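Novice: Have a look at this prediction, sequence included:
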Amino acid sequence: MRTGKLWSLMILCLMVFICPMSVFAGTFEETSSGWHYRKDDGNYARAEWVVDQGVYYYLDENGIMMADTTTPDGYLVGGDGSWVMEKQVMGGYVRTPYDNQSYYYDPDWRRYIFDGETDYAWVSDHRVLAAVRGILPVSELSEADKAVYDELEKFLIGFDYGASDYEKAKRVYEEITKRAVYHEGKYVQADDEVHSILIAGTGKCVGFARTYKLLANAVGLKCGFREDGAHMWNAVYVDGEDMVIDASTIGTSADFYLGRQKAVCPHCGHKNTFGNRVTEQPCNNCGGQIMNPKYK
Ligand SMILES: [Zn+2]
């Protein structure tokens, strides 16, 4: 992880300062132009790979560590400069190149799983998001993923990243419901794809849920899937609280999901706030269970 690496570098620098006679295999040094790597023979690495604590980094012809790009010899390096190895793309427990969360690849479901419960992503969605974030070169995307990437980039032009979580969650919902309608016909494989939602303008719940998560993640919202075996929707985090939202339903508004209402606790009289779609919750004051008045 980036933080871990920076800490180890800081500790290493401190040790060099305290014990100047110590011999190290090589050292990263930060300057205003970027990270340099001093090898054990005292020379700086240039136009070559180095291995530091088992991790590969590439230093360019000026001796600066490359990051978020493809090296001259054609390899992908992540935001912290480490080589994104094939196994990171194909599976195994690794960190994501763009947000340093650990994840693993589930080959049965063809998706990446982040925290096991709330946050996983289909491989193609994960790759599109990595491309949007400048980690994966766009040239590495499949033709279908590139088309999704192009639509996403259009949506992101001029997007107000400083808006509140609520406004962002609402904008994503409105973008999707403006573009796509639920496919009422017999299920086809394409119904589950983001490509179908954004380009063909139709799909079923899985396609809608994947699209909502992809766009939400792209604008910086935490968002996961919810499912009950027959249907799939999302939980989007607004100011730290997960709000149920379903972009596949017709005739509802973002506020139907993201709005709030007040409820007076029948046990103690305390005023509580409910998310619109929460049926019951414990009182913030006395802990007694209270119903959302909307569902009485
Ligand atoms: Zn109460």
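Specialist: The structure has been received and is ready for your questions.
Novice: Can you classify residue 255 by secondary structure?
Specialist: Three-state call for residue 255 (DSSP: H, G, I helix; E, B strand; the rest coil): helix.
Novice: Begin at 37, not 1, for the rest of this chat.
Specialist: OK, 37 is where the count begins now, so the last one is residue 291.
Novice: which ones are touching it?
Specialist: 206, 312 (CB atoms under 8 Å, 6 or more residues apart in numbering). Backbone N, C-alpha and C define where each C-beta goes, glycine included.
Novice: Can you give me the pLDDT of it?
Specialist: As predicted, residue 291 sits at a pLDDT of 90.
Novice: measure it to residue 99 for me?
Specialist: Applying CB to CB, to the nearest Å, the value for residue 291 to residue 99 is 54 Å.
Novice: Neighbouring strands of the helix or strand hosting residue 269 in the sheet, and parallel or not?
Specialist: Assigned by DSSP states H and E, residue 269 belongs to strand 268-274. Next to strand 268-274 in the sheet, as set by DSSP bridges, lie strand 259-263 (antiparallel), strand 277-281 (antiparallel).
Novice: Quick check: buried residues in the first one?
Specialist: It refers to strand 259-263. For strand 259-263, a neighbour-count test (16 or more other CB atoms under 10 Å) marks 259, 260, 261 as buried.
Novice: Please apply the same query to the last one.
Specialist: When neighbours are counted by 16+ other CB under 10 Å, the buried residues of strand 277-281 are found to be 278, 279, 281.
Novice: what about it, distance to the chain center?
Specialist: Relative to the centre of its chain, strand 277-281 is centred 17 Å away, using CA atoms, centre = their mean, to the nearest Å.
Novice: now what about it, what contacts it?
Specialist: By CB under 8 Å, 6+ apart, strand 277-281 touches 154, 205, 209, 248, 260, 262, 269-273, 290, 293-294, 311, 313-314.
Novice: are any of those residues buried, and which?
Specialist: 154, 205, 209, 248, 260, 269-273, 290, 293-294, 311, 313-314.
Novice: Need the max-distance pair from the residues you listed.
Specialist: 154 and 290 (20.4 Å; CB to CB).
Novice: about what we covered before: reformat the strands paired with strand 268-274 as JSON lines; add mean pLDDT and distance to residue 298.
Specialist: Output for the strands paired with strand 268-274, formatted as JSON lines (pLDDT from 0 to 100; distance: least, CB to CB, whole Å):
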{"stretch": "strand 259-263", "mean pLDDT": "88", "distance to residue 298": "25"}
{"stretch": "strand 277-281", "mean pLDDT": "89", "distance to residue 298": "15"}
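Novice: Tabulate these in TSV, adding columns for distance to residue 307.
Specialist: Shown next, in TSV, are those (distance: least, CB to CB, whole Å):
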stretch	distance to residue 307
strand 259-263	28
strand 277-281	17
